[in-house]
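Peer 1: fold the following for me, if possible:
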Amino acid sequence: MPLPKLPKPPDLEDIFSVIDKASDAIETGLNVIDKVADKFETAAQKFGPPEPTTPTGATESQKEDTSEHKTPPTIQEPETMPQTLPVEEDIAIACVPCAIGHVAGAAKLLNEAIRFRDDGIESNQVLDDIAGAIGELNAMERVDLTPERLQRTPGWERTIADEALRESRKLRHRLEGIGSMDEIEKAAADTESYYKKLNRQWYRERFKYLGSDKAEAISQRIGD
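Peer 2: Residues are numbered from 1 along each chain as shown. Purely as a prediction, here's the structure:
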């Protein structure tokens, strides 16, 4: 059986001719692309790049133009602090009610010491109570009834403060030289009596100073 007849291969000249035509077409296309790109570049240089927009859609230049017409913010001057008057370090008047409290504290401590008389004058409880009473009197003399305070105390109260100061010094020296439980008992009774006297005297004089009606009311309340 005879073999089929193969087709005749294409002529090489025809192949090269087709390749040349394709190359020419490609080169022509590239030239066209280059020309178009040049035109775009020229236009971009002339008009400039498109400006970025803000989230609201306005361009940066529009945003700047708008900001130029805004009213400049008002600069607030720092608030001026009100001038405060200097605070005085101390009123510097004698505190007679405070003195009365110290005398009452001393009387209470001495009464407490008598409760432990069976333990003896050298017991810790008795010695601590005596020391506490002396501390109360020291505080009254060196804090509440100092000379500076006494000088600025009103006349009706100054007499009471002077007397309280004298009595406090006498009682303090008495306690500093105490030698027996009997002496402590006598000092406790005298301190309690003086506390009541000082308290009543101050209240009476105070209400006299404020008015006769209040003086009479306080006199009836506390008795003689």
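Peer 1: lowest confidence element among the helices and strands of this protein?
Peer 2: helix 60-68 (a mean of 49; mean pLDDT, DSSP states H and E).
Peer 1: can you name the next helix or strand after that helix?
Peer 2: Counting by DSSP states H and E, the next helix or strand C-terminal to helix 60-68 is helix 96-115.
Peer 1: which neighbouring elements make contact with that following helix?
Peer 2: For helix 96-115, the elements it packs on are helix 124-139, helix 155-176, helix 181-210, judged by 3 or more Cβ pairs under 8 Å, 6 or more residues apart in numbering; DSSP states H and E. No exception for glycine: its C-beta is placed from N, CA and C like everyone else's.
Peer 1: determine which of the ones you listed approaches R117 most closely.
Peer 2: Among the helices and strands packed on helix 96-115, helix 181-210 comes nearest to R117, with 4.6 Å by Cβ to Cβ.
Peer 1: show me what counts as buried in the closest one.
Peer 2: Within helix 181-210, the residues scored as buried using 16 or more other Cβ atoms under 10 Å are 181, 184, 187-188, 190-192, 194-195, 198-207.
Peer 1: got a pLDDT number for the closest residue to E163 other than its chain neighbours?
Peer 2: Spatial nearest neighbour of E163, excluding adjacent residues (Cβ to Cβ, 6 or more residues apart in numbering): L198 at 7.8 Å. Looking at L198, its pLDDT reads 95.
Peer 1: what of L6?
Peer 2: In this model, L6 is scored at 53, pLDDT.
Peer 1: now do L145
Peer 2: 89.
Peer 1: next one: C95
Peer 2: With respect to pLDDT, C95 scores 86.
Peer 1: how near is it to M140?
Peer 2: With distances taken as Cβ to Cβ, to the nearest Å, C95 is found 9 Å from M140.
Peer 1: shaky segments in the protein?
Peer 2: Low-confidence segments of the chain (pLDDT under 70): 1-94, 212-224.
Peer 1: can you do 50?
Peer 2: 63, 65-69, 75, 77-91 (pLDDT under 50).
Peer 1: okay if I get the helices and strands packed on helix 96-115 as a markdown table plus distance to H102?
Peer 2: Conversion of the helices and strands packed on helix 96-115 to a markdown table gives the following (distance: least, Cβ to Cβ, whole Å):
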| stretch | distance to H102 |
| --- | --- |
| helix 124-139 | 4 |
| helix 155-176 | 8 |
| helix 181-210 | 9 |
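Peer 1: for the ones you listed, which one sits closest to L110?
Peer 2: Among the helices and strands packed on helix 96-115, helix 181-210 sits nearest to L110 (Cβ to Cβ), with 3.5 Å.
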